[in-house]
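1. Sequence first, predicted coordinates after that:
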Amino acid sequence: MSDQANREARIVLIRHGESASNAGGWLSGQETCGGLTDLGVTQAEALRDRLESDPTIRPDRVMVSTMLRAVRTAEVIAEPTGLEVEQHADLIERTSGEAEGLTIAEYTERYGVAPWQDWSAPLSPGGESGAEFSARVRAALDRVAEECRGSTVWVVCHGGVIMATAVGRWPGGTDDLSTIPLASPMNTSISEWVVDAEGGWRMVRFNDHTHLVGVSDDVQAPAPV
């Protein structure tokens, strides 16, 4: 292996399985996360089987957000590796503020607009702005990249974290989350980056969820970007 390759970090971002808040339509945070639904567990098991069958993506470390839905997903997919699941609070989803725990309908009634229509302003008082969230995600993944030089790391996290990374790390990217795509990556999808020795980020794949065909009713023939 070349010195260049020895300094590269392979970062595999994995969104958690379907969560109770996904299915129930409410805004969850660190304290109110309801974990995974039965479907979410099934999705994680499908990803586990896929990853276990592919030795080219075997991790050296497994990191995860401290939110229950991400932790449970990481525990399922990491079990065959025998690796410890390392929890990191800076990998959590964007914080909602005082609106945490509200249903989408309750949020819309209270604030006069549906949630996630504006990625620049906080969702509610006490929540992270788009700039604050983007800066946290950037710093967290810079840390991960530096700690994992010459290795592969699975990072089990959240749709917002993955989308903010795509917007910010793409060539000519920006931390202005008003440009964030409306479509979140699928639950348990894989988005992969390679970080070179100079700190340049290269996307390998985004929203790869082929393992969900036949598992989730709304997945037909996924075409990862």
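-> That came through fine.
2. For burial, what's the neighbour tally of residue 215?
-> Burial of residue 215 is recorded as 16 neighbouring residues (other Cβ atoms under 10 Å). Yep, even glycine has a C-beta here, placed from its N, CA and C like the rest.
3. Need the three-state assignment for it.
-> Three-state call for residue 215 (DSSP: H, G, I helix; E, B strand; the rest coil): coil.
4. For the closest residue in space to it that isn't next to it in sequence, give its distance to residue 29.
-> Counting by Cβ to Cβ, 6 or more residues apart in numbering, residue 215 lies nearest to residue 46, which is 4.8 Å off, once chain neighbours are set aside. As defined by Cβ to Cβ, to the nearest Å, residue 46 lies at a distance of 27 Å from residue 29.
5. The two: which has the busier surroundings?
-> Legend: neighbour count by other Cβ under 10 Å for residue 46 and residue 29, higher for residue 46 (22 against 18).
6. Let me see the ranges of the helices in the chain.
-> All helices of the chain, identified by DSSP state H, fall at 3-6, 20-24, 38-52, 68-78, 104-111, 130-147, 159-169.
7. Show me which helix or strand of the chain is least confident by mean pLDDT.
-> Ranking every helix and strand in the chain by mean pLDDT, DSSP states H and E puts helix 3-6 at the bottom, with a mean of 57.
8. re earlier: which of the helices of the chain sits closest to residue 91?
-> Of all these, it is helix 130-147 that lies closest to residue 91, at 5.6 Å by Cβ to Cβ.
9. by contact count, what packs against the closest one?
-> Counting contacts by 3 or more Cβ pairs under 8 Å, 6 or more residues apart in numbering; DSSP states H and E, helix 130-147 packs against strand 9-15, strand 151-157, helix 159-169.
10. Mean pLDDT, mean neighbour count and distance to residue 80 added to the ones you listed, as JSON lines?
-> Shown next, in JSON lines, are these (pLDDT from 0 to 100; neighbours: other Cβ atoms under 10 Å; distance: least, Cβ to Cβ, whole Å):
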{"stretch": "strand 9-15", "mean pLDDT": "98", "mean neighbour count": "24", "distance to residue 80": "15"}
{"stretch": "strand 151-157", "mean pLDDT": "98", "mean neighbour count": "24", "distance to residue 80": "12"}
{"stretch": "helix 159-169", "mean pLDDT": "93", "mean neighbour count": "22", "distance to residue 80": "23"}
